[in-house]
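Visitor: This is a predicted model, with the sequence first.
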Amino acid sequence: MNVRNKQEGRNMMKKILVLEDEISIRSFVVINLNRAGYEVIEAGTGAEAFEKLRIHPDIKVAILDIMLPDINGLAICQMIRKKYTYPVIMLTAKETETDKITGLTLGADDYVTKPFRPLELVARVKAQLRRYKKYNAAPMQTDDVITHAGLVIDINTHECWLNDKPLSLTPTEFAILRLLCERKGNVVSSEELFHGIWKDEYYNKSNNTITIHIRNLREKMGDTADNPKYIKTVWGVGYRIEK
């Protein structure tokens with residue numbers, strides 16, 4: 001078995017839920033994910049997605065369209081986040097900036113804007129799976145803890161506390177906060193954060209995923225952009241946590 005076949009064999013163990021009501025788009029996505037070696041679970045409505053999620057608890061990534069004939073895709077994302085931590089990628093129309101922000105606030109990890117290139121979506125899936133695998137990797141040691149001004153990040157258990165109170169963070173939010181704390185005192189650009197978390201070759205300056213995740217982090221930490229105690233914006237450059 002060559003390297004490609006081995007990789008495809010590993011991917012076939014990973015189920016991807018694709019929720020999209022437009023058959024032509026869904027078929028196109030399914031074909032490209034199948035070619036990449038993934039098993040695809042299809043759904044055309046929110047109700048069907050709920051049923052598929054019940055039948056297939058071993059799904060590894062969910063790709064969710066927002067505009068559906070019955071249940072809003074954002075509601076599906078919210079339901080997933082109550083039970084699972086696996087990556088969620090939202091499919092959004094180009095003009096719906098509010099949907100992007102809402103999706104990421106509800107726990108989505110990324111979004112792809114229609115129309116999109118199928119290979120870009122496949123690349124996003126691969127990047128999310130790499131991040132998720134790293135996030136859930138077995139700890140190599142038991143004392144890997146980052147502390148800063150009342151903030152405690154336990155890298156091994158993926159838990160975070162602020163002033164002795166637990167912070168409920170998504171895997172992506174945890175990864176961003178961890179990276180900023182590890183680079184404490186240095187400015188980290190959105191591009192560096194994007195590549196550091198997702199290893200995503202499709203980053204572009206118009207993608208505001210990091211900005212929205214930072215906004216969510218600040219809200220959960222009781223921080224503000226105008227007078228931040230933790231995450232400071234260095235305009236035109238990136239973000240920094242002071243030493």
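Guide: It's in.

Visitor: can you pull out the strands in this protein?
Guide: In the chain, the strands defined using DSSP state E lie at 15-19, 39-43, 59-65, 88-93, 110-114, 145-148, 151-154, 159-162, 165-166, 231-234, 238-241.

Visitor: So for residue 183, which of the ones you listed sits nearest?
Guide: strand 238-241 (7.8 Å; Cβ to Cβ). C-beta here means a position set from N, CA and C on the backbone, and glycine is covered the same way.

Visitor: which outside residues touch the closest one?
Guide: 148, 180-181, 183-190, 192-193, 214, 230-234 (Cβ atoms under 8 Å, 6 or more residues apart in numbering).

Visitor: quick one on the thing from earlier: can you tell which of the strands of the chain is closest to residue 197?
Guide: Nearest of those (Cβ to Cβ): strand 110-114, 9.7 Å.

Visitor: how far off strand 59-65 does that closest one point, in degrees?
Guide: Interaxial angle, strand 110-114 versus strand 59-65 (axes from the mean of the first three to the mean of the last three Cα atoms, to 10 degrees): 40 degrees.

Visitor: Give the other helices and strands that strand 110-114 contacts.
Guide: Judged by 3 or more Cβ pairs under 8 Å, 6 or more residues apart in numbering; DSSP states H and E, strand 110-114 is in contact with strand 88-93, helix 97-105, helix 118-135.

Visitor: Buried deepest among those, which one?
Guide: strand 88-93 (a mean of 23; mean count of other Cβ atoms under 10 Å).

Visitor: picking up where we left off before, mark which of the contacts of strand 238-241 are buried, thanks.
Guide: 180, 181, 183, 188, 190, 192, 193, 214, 230, 231, 232, 233 (16 or more other Cβ atoms under 10 Å).
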